[in-house]
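Enquirer: the following block contains a protein sequence and its predicted model.
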Amino acid sequence: MAAKRNKVIVWTKVLVWIVSLLPVVILLDRIFLAGQFFGGPFVDDPVELIQHWTGTAGLIFMFITLAITPIRRLTGWNQVVRYRRLAGLFAFFYSSLHVFSYFVFDHRMQLDSIVDDVIEHNWVLVGFLAWLLLVPLAVTSTTGWIRRMGGKKWNRLHKLVYPIAILGVLHFIWLVKLELTEPLIYAAILAVLLGARWWVRK
């Protein structure tokens, strides 16, 4: 019975990996194959598409991470916790691609230009800060780090996920300025998730 359960868990994780990497596959298809396999219009500005796609994927996986505890508490499906670390790491993965594309395409990896932009524009500052706060969460995501730090310290550190998600949504809102429909939808989703987590804890 235990062997069968472990087999199901392994195959479920494989499926989660495949689904989580789909944004990369779709992005490559739209850039290099003009959406031949996954649809979508011809891409006039691949850099803009890369930055929007990776940033959005990072936010979505952050929201999935935040949703897991309420799902577990409300449904009693305790096994869902197994996928929280994976969702968090994919949030970091896509956020890192987003930041890397900004470094490479917008500033050609020129440090002075990057620093000036971070200081000058508030949306760049909050976005970069959100990514920096994600780094220690990704590094300490392993079981070994939980043992080294102890459960209380580890949990305290990983509560940074709340300000990170807020900063990510704020980055999106300040970035677009006028077309606020999409970022405000994400802001509403975040508000629901944070409210659900608060309600479940109460």
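Expert: Structure received.
Enquirer: where does the prediction get shaky in this protein?
Expert: 1-6, 35, 39-43 (pLDDT under 70).
Enquirer: quick one: the helices in it?
Expert: For the chain, helices defined by DSSP state H occupy the ranges 2-32, 46-75, 84-101, 107, 111-120, 122-139, 143-149, 151-158, 161-176, 181-201.
Enquirer: redo the ones you listed as a markdown table? Include mean neighbour count.
Expert: Bear in mind the C-beta positions are built from the backbone N, C-alpha and C, glycine included. Formatted as a markdown table, the helices of the chain follow (neighbours: other CB atoms under 10 Å):
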| stretch | mean neighbour count |
| --- | --- |
| helix 2-32 | 13 |
| helix 46-75 | 19 |
| helix 84-101 | 20 |
| helix 107 | 15 |
| helix 111-120 | 12 |
| helix 122-139 | 17 |
| helix 143-149 | 12 |
| helix 151-158 | 12 |
| helix 161-176 | 19 |
| helix 181-201 | 14 |
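Enquirer: could you dump those to a markdown table with distance to residue 38?
Expert: Below are these laid out as a markdown table (distance: least, CB to CB, whole Å):
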| stretch | distance to residue 38 |
| --- | --- |
| helix 2-32 | 5 |
| helix 46-75 | 12 |
| helix 84-101 | 17 |
| helix 107 | 30 |
| helix 111-120 | 32 |
| helix 122-139 | 27 |
| helix 143-149 | 36 |
| helix 151-158 | 34 |
| helix 161-176 | 23 |
| helix 181-201 | 20 |
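Enquirer: give the contact list for the closest residue to residue 160 other than its chain neighbours.
Expert: Nearest residue to residue 160 in three dimensions, chain neighbours excluded: residue 133, at 5.1 Å (CB to CB, 6 or more residues apart in numbering). When contacts are counted by CB atoms under 8 Å, 6 or more residues apart in numbering, residue 133 touches 160, 163-164, 167.
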